[in-house]
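1. Quick one, fold the following:
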Amino acid sequence: MDRPGFTASLVAGGVAGVSVDLILFPLDTIKTRLQSPQGFNKAGGFHGIYAGVPSAAIGSFPNAAAFFITYDYVKWFLRTDSSSHLMPVKHMLAASAGEVVACLIRVPSEVVKQRAQVSASSRTFQIFSNILYQEGIPGLYRGYKSTVLREIPFSLVQFPLWESLKAVSGHDVATLPGEGRIP
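-> Numbering: from 1, shown residues only. As a prediction, the model looks like this:
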């Protein structure tokens with residue numbers, strides 16, 4: 001396996017992450033408000049459904065890019081023969097490392113976003129500033145461990161399966177039809 005293309009991982013991962021987060025943002029807001037201790041209507045109901053979107057938009061690209069850069073680099077670092085029975089383990093380790101790194105960006109973004117979603121009257125930067133003032137940096141990382149523990153099991157299943165299906169289909173995401181590998 002060639003050394004992973006930093007630019008390809010950065011751009012593809014970042015664009016995919018932003019696209020998914022922005023498209024699904026209203027559903028995420030509804031879910032957050034339904035789970036709010038103050039109740040759905042007091043948390044904003046269907047009003048201000050895009051409250052907190054700046055936080056998601058700002059954090060989404062670097063979060064997804066960090067995951068895929070780490071994932072691709074760890075896969076490359078743990079070079080194994082493609083026929084090796086250790087391939088799924090390599091993908092599990094790479095995905096787990098990717099989640100640990102991505103959550104360093106994802107968690108602060110999620111903390112700010114969720115607080116904005118349940119208090120639509122506050123602006124994203126104001127919420128961010130309040131967290132830093134009242135709770136410091138640890139306030140931005142509230143729930144980091146539980147988020148990592150939630151994300152890793154998904155990645156342990158998702159990425160070995162994705163890589164296996166990619167290999168069975170004969171398609172390598174990093175290779176475009178009629179072209180060489182993406183640098």
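2. Buried residues, the one helix or strand residue 68 maps to. List them.
-> Element membership of residue 68, judged by DSSP states H and E, is helix 53-77. Using 16 or more other CB atoms under 10 Å as the test for burial, helix 53-77 gives 53-75. (Each C-beta comes from the backbone N, C-alpha and C, glycine too.)
3. Tell me the gap between that helix and the middle of its chain.
-> Taking CA atoms, centre = their mean, to the nearest Å, one finds helix 53-77 lying 6 Å from the centre of the chain it belongs to.
4. helices or strands up against that helix?
-> For helix 53-77, the elements it packs on are helix 6-35, helix 87-118, helix 124-135, judged by 3 or more CB pairs under 8 Å, 6 or more residues apart in numbering; DSSP states H and E.
5. repeat that for 10 Å
-> With contacts defined as 3 or more CB pairs under 10 Å, 6 or more residues apart in numbering; DSSP states H and E, helix 53-77 has these neighbours: helix 6-35, helix 87-118, helix 124-135, helix 144-169.
6. Most tightly packed of those helices?
-> For those, the largest average neighbour count (mean count of other CB atoms under 10 Å) is found in helix 87-118, namely a mean of 21.
7. mind checking the SS state of residue 80?
-> coil (DSSP: H, G, I helix; E, B strand; the rest coil).
8. Please report phi then psi for it.
-> Dihedral pair for residue 80: phi -140, psi 160, per degrees, to the nearest 10.
9. neighbours of it, just the number please.
-> As a burial measure, residue 80 scores 13 neighbours (other CB atoms under 10 Å).
10. swap in residue 42?
-> Counted by other CB under 10 Å, the residues lying close to residue 42 total 11.
11. Distance check, the closest residue to it other than its chain neighbours against residue 119.
-> Closest residue to residue 42 apart from its sequence neighbours, by CB to CB, 6 or more residues apart in numbering: residue 36 at 7.5 Å. According to CB to CB, to the nearest Å, residue 36 and residue 119 sit 10 Å apart.
12. Overlap of the contact sets of these two?
-> 43-44 (CB atoms under 10 Å, 6 or more residues apart in numbering).
13. surely residue 100 meets residue 151?
-> Yes. Between residue 100 and residue 151 a contact is recorded at 8.8 Å, counting by CB atoms under 10 Å.
14. what's the overlap in contacts for these two?
-> By CB under 10 Å, 6+ apart, residue 100 and residue 151 have these common neighbours: residue 67.
15. Below-threshold pLDDT in the chain: ranges please.
-> By pLDDT under 70, the weakly predicted segments of the chain are 1-4, 120-121, 171-183.
16. Report the backbone C-alpha coordinates of stretch 51-58 in PDB.
-> The C-alpha coordinates for stretch 51-58 follow below in PDB (Å, rounded to 0.1, in the frame of the first residue of the first chain):
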ATOM      1  CA  ALA A  51     -29.600  26.900  15.900                       C
ATOM      2  CA  GLY A  52     -26.000  25.800  16.400                       C
ATOM      3  CA  VAL A  53     -25.300  25.200  12.700                       C
ATOM      4  CA  PRO A  54     -22.200  27.500  12.800                       C
ATOM      5  CA  SER A  55     -20.600  25.200  15.400                       C
ATOM      6  CA  ALA A  56     -21.400  22.100  13.300                       C
ATOM      7  CA  ALA A  57     -20.200  23.800  10.100                       C
ATOM      8  CA  ILE A  58     -16.900  24.900  11.700                       C
END
